[in-house]
Each structure stands twice: as C-alpha cells, then as structure tokens.
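**Q** let me see the structure of the following:
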Amino acid sequence: MQRIALGLVASACLAAPPWALGEIFVLDNGGRIEGDILNKESPRKRYVIKTTTGAQITLDKAQVTEVIRQSANDIEYEKVRQRYPDTIEGQWGLAEWCRERKLTTLRARHLERIIELDPDHEKARRALGFRRVAGEWKTQKQEKEEQGYVRYNGKWRTTQEKAILERKRTVELAVKDWKSQLKRWRGWLENGKEVEATQRIDGIDDPYAVTALADALKREPVEDYRKMYVNALGRIGGPSALQVLCRLALEDVNAEIRLTCLDHLEEHPSETFVEYFIGRLNDADNPIVNRAAMALARMNSPTAIRPLIDHLITRHKRMIAPPTGGTGGTFVNGPGISGGGLSAGSSPAVVVNEPHQNEDVLDALVRLADGVNFSYEVDAWKQWYAGRKKAKSLNGRRDDD
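**A** Here you go, the predicted model:
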C-alpha cells in the first residue's frame, strides 16, 4: 500500500506547476518526486519532503536512489519555457535565453529541436558545432572519426598514438607499483620479515620491475641486498635488464657485484653487449678500459680481438701538482681570492698523458687467441692478426672450391 501511495504522490508531483520546484527525488521504483527537503538531519535516515502541491511525505533513505538539486536558473527555466511555442522562432528564443544564463545542456536540447523542425537551419547547426563538409553538415567528432581519429585524454589521436599512450601509461603505473613494493620489502629486510622479503625479491621476474631495481641499486649500500637486485635483473633478462647489468659490470664500485653482473651476461651472449664493451675500451678512465676487456673475454667473441690489440697500451691524462716548496711557489686560496690562485713565481699544475700497459686487455687477448701471447708487442699482435685473417680467407675459398 505504501508503494501505491508513493506512486500516486509521484504522479501528482510530476503534474504540478513547474515553478514550485526545489529538488527532484528519484525513487527506487522508478518514480520521481519534486519538492523541498524539510529535515536537515545528519547522518540522514529518512527524507521529509514538502511536495510542489504542498503535501508532506516521509521516505526511508533506502527508497531514494538520487537527489537532483536544481539551480535558480533551472527553476526559472521551468517557469518561462512554457511561454515559448514549439516553432523554429520559439525554440531559438528559448535557446538564446538558456545561452545568456549558461544553461548549456538545456540550450543544446532546444537547438536540436530546431534541427528536427528545419534540418538545414544554419545558425542552430553552427551553434551545435556543425560545419558543412562536401555539402553535408558534420560535427568535428563525425569528421575526426571518419578520418580514423579517436578521442583520448581530451585530444584527437590516431589509433596508433592512443595505443602508444596507453602502453606508456601502463608502464608508468607498473614502474610506480614496483618502486612501492621494493621500498616496502626493503623495510621488511631490517624489520623482522627478512625471510618473506627475500622470498618476494627472489621471485621477481617481471620486466616492468627493471627501472625500480636499477633505482634501488643506486641507493642500496648493503652488498647482499644489492646482489639480490642484480640476480633479479639477470632472472628477468631482456634488453632493458641486461643493459643495466652491462653498465654495472663496468661502473659499480663493488668488484663482487661487477662479477655477478658478468655471470648473468655470460648466460645471455649477444653481439650487442660485445659492441658496448668494445666502445668502452675508449673510456678516459683506465680501470674502465680493463674492466671492459674482462667483460669481452667473458663474452668470448672473436670480433673483440682487433679492438683489444688497439687498446693493449692506452694513454690517460693525469694531473701532477706543482711543488710546494723551494722556488716553485705554492697554491694560494684564501680571503679575498676567488677560487684557487698562485703566489708569485709559482708553477702551474702539469697534465701528463701517460701510457698504460693494460694487463686485463692482454689477458683477454690471450684467451680469445687460444693461448697466443705476444705480450705488449702491438706490432707483433697486428701481424699475427693479419695472418690469421688471411688464413681464414684462404680456407674459405678452398671450401668454396
């Protein structure tokens, strides 16, 4: 009976004069009641409503699915809309009334009605965003979609651009999530949950975790934890993870970490890595040159032989400080002096370009040359290499014959 009563009230309210509107209450049975809320209780358990006919009803909160609150302009619109006839002129006048009061949705409704009455009404068409294309009225949306574009993040994109942006967003979210997880597990390692944290880190095999692992390696001071991150990168494999291992194999300050990186790289032989390490033979830092040679020996690629010969002996700059006593003068750096200065008669620092015999380069060469050893005799190595190439070329021709 209560449901029947509500239905009758809702029907009565819908038929009531529109100028008495306050809120619209959407009911769970599909009905609508228009009126004002009389009770302001919080939290709300019920609605006490004065309807547009002056009646007062009470509804349980569960009976109301939505409350639509109307602005002063919405209420004024209900008062005036009956004054405009359903003609082109009447609908245009009402659309203009809505435009002046920024009632965009209501204005569009009346412009669309004008087009129903006159499909070629230019002002209404242009107000709705249409323009003539090859004799037809089309919105920008229709034009763009016909050209294969889609709306994404507020802009028109090709389907390929959309796919790229979605992929980028997926990667960004995944990287952020992995950084958060690694940070949490790192805390566990020193907070009584070491076993669980170790199990989680040892289980990482997601390529999206590479950036987070690389960042963690930069900050982590504990060797055992750093080794876990390196092992995770090796387990993931793939170009991005292995590139991080290549860099660490040369630049990490910890020798054990560098060797662990090489262990993983050796399991994934690639000419790309060989090219990277050959390039690092030209490094200005002599230790990097020797580490690159060690890595090339582990890669076991014959293409590294000639570059290694060229880097048996390399030159590296070293600054020699001037003498601090005698007639050579001294560096001066004190109040009133900008930066470092020299006292009268002092000598400037000397930069020398010293040759270095690279032991690890030689070891790599001997290994790749199957035990051949000409020490640091670069010319002898070059002659041997030329003869080796010639012999291979001749053998190749004989095989063809």
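
**Q** list the contacts of stretch 94-107.
**A** Residues outside stretch 94-107 that contact it (C-beta atoms under 8 Å, 6 or more residues apart in numbering): 73, 74, 76, 77, 80, 81, 84, 110, 111, 114, 124, 127. Any C-beta I mention is one placed from the backbone N, CA and C, and that applies to glycine too.

**Q** cool, and stretch 39-46?
**A** Contacts of stretch 39-46 (C-beta under 8 Å, 6+ apart): 47, 48, 58, 59, 60, 61.

**Q** excluding residues flanking it in the chain, which one is nearest the first one?
**A** With sequence-adjacent residues excluded and distances taken as C-beta to C-beta, 6 or more residues apart in numbering, residue 47 is closest to residue 59, at 4.5 Å.

**Q** measure the one you found to residue 70 for me?
**A** In this view, residue 59 and residue 70 are 18 Å apart by C-beta to C-beta, to the nearest Å.

**Q** please apply the same query to residue 388.
**A** For residue 388, the distance to residue 70 (C-beta to C-beta) stands at 91 Å.

**Q** try residue 252
**A** From residue 252 to residue 70 the distance is 67 Å (C-beta to C-beta).

**Q** that older thread, got a quick ChimeraX command for the buried subset of the contacts of stretch 94-107?
**A** Listed next is the ChimeraX selection for buried residues among the contacts of stretch 94-107, using 16 or more other C-beta atoms under 10 Å:
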select :74,77,84,110,111,114,124,127
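
**Q** JSON lines for the contacts of stretch 94-107, including distance to residue 284, pLDDT and secondary structure?
**A** Shown next, in JSON lines, are the contacts of stretch 94-107 (distance: C-beta to C-beta, whole Å; pLDDT from 0 to 100; DSSP: H, G, I helix; E, B strand; the rest coil):
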{"residue": "73", "distance to residue 284": "72", "pLDDT": "83", "secondary structure": "helix"}
{"residue": "74", "distance to residue 284": "73", "pLDDT": "80", "secondary structure": "helix"}
{"residue": "76", "distance to residue 284": "78", "pLDDT": "86", "secondary structure": "helix"}
{"residue": "77", "distance to residue 284": "76", "pLDDT": "88", "secondary structure": "helix"}
{"residue": "80", "distance to residue 284": "81", "pLDDT": "89", "secondary structure": "helix"}
{"residue": "81", "distance to residue 284": "80", "pLDDT": "88", "secondary structure": "helix"}
{"residue": "84", "distance to residue 284": "82", "pLDDT": "94", "secondary structure": "coil"}
{"residue": "110", "distance to residue 284": "75", "pLDDT": "95", "secondary structure": "helix"}
{"residue": "111", "distance to residue 284": "71", "pLDDT": "94", "secondary structure": "helix"}
{"residue": "114", "distance to residue 284": "75", "pLDDT": "94", "secondary structure": "helix"}
{"residue": "124", "distance to residue 284": "72", "pLDDT": "94", "secondary structure": "helix"}
{"residue": "127", "distance to residue 284": "68", "pLDDT": "93", "secondary structure": "helix"}
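
**Q** specify which member of the contacts of stretch 94-107 is nearest to residue 358.
**A** Minimum distance to residue 358 across those is 77.7 Å, recorded for residue 127 (C-beta to C-beta).

**Q** who's in contact with the closest residue in space to that closest one that isn't next to it in sequence?
**A** In space, residue 127 comes closest to residue 111 once its chain neighbours are excluded; the distance is 5.4 Å by C-beta to C-beta, 6+ apart. Residue 111 is in contact with 91, 95, 124, 127, 128, counting by C-beta under 8 Å, 6+ apart.

**Q** next one: residue 111 from residue 154, what distance?
**A** From residue 111 to residue 154 the distance is 24 Å (C-beta to C-beta).

**Q** can you redo the contacts of residue 111 as JSON lines with distance to residue 195?
**A** As requested, the contacts of residue 111 are arranged in JSON lines below (distance: C-beta to C-beta, whole Å):
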{"residue": "91", "distance to residue 195": "74"}
{"residue": "95", "distance to residue 195": "71"}
{"residue": "124", "distance to residue 195": "72"}
{"residue": "127", "distance to residue 195": "69"}
{"residue": "128", "distance to residue 195": "65"}
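
**Q** so where's this protein uncertain?
**A** Residues of the chain that meet the criterion pLDDT under 70 lie in 1-21, 323-347, 394-401.

**Q** one more pass at 80, please.
**A** In the predicted model, the chain carries pLDDT under 80 at residues 1-22, 40-42, 52, 68, 70-71, 75, 318, 320-352, 391-401.

**Q** and the residue nearest the centre of it, what helix or strand is that in?
**A** The C-alpha lying nearest the average C-alpha coordinate of the chain belongs to residue 172 (C-alpha atoms, centre = their mean; 3.3 Å). Assigned by DSSP states H and E, residue 172 falls within helix 159-189.

**Q** what packs against that helix?
**A** strand 149-152, helix 194-202, helix 210-219 (3 or more C-beta pairs under 8 Å, 6 or more residues apart in numbering; DSSP states H and E).

**Q** in the longest one, which residues are buried?
**A** Buried residues in helix 210-219, counting neighbours by 16+ other C-beta under 10 Å, are found at 210, 211, 212, 213, 214, 215, 216, 217.

**Q** I'd like to know which of the residues you listed is nearest to residue 196.
**A** Taking the buried residues of helix 210-219 together and measuring to residue 196 by C-beta to C-beta, the closest member is residue 216, at 17.3 Å.

**Q** comparing residue 252 and residue 70, which residue is more hemmed in?
**A** Shown here are residue 252 and residue 70; by other C-beta atoms under 10 Å, residue 252 has more neighbours (19 against 15).

**Q** not counting sequence-adjacent ones, nearest residue to the more buried one?
**A** Nearest to residue 252 is residue 258, by C-beta to C-beta, 6+ apart, at 5.2 Å.

**Q** gap between the one you found and residue 385?
**A** 28 Å.

**Q** of those two, which one has the most company?
**A** Higher neighbour count among residue 258 and residue 385: residue 258, with 20 against 17, using other C-beta under 10 Å.

**Q** residue 112: how many residues sit nearby?
**A** By other C-beta under 10 Å, neighbour count at residue 112 equals 13.
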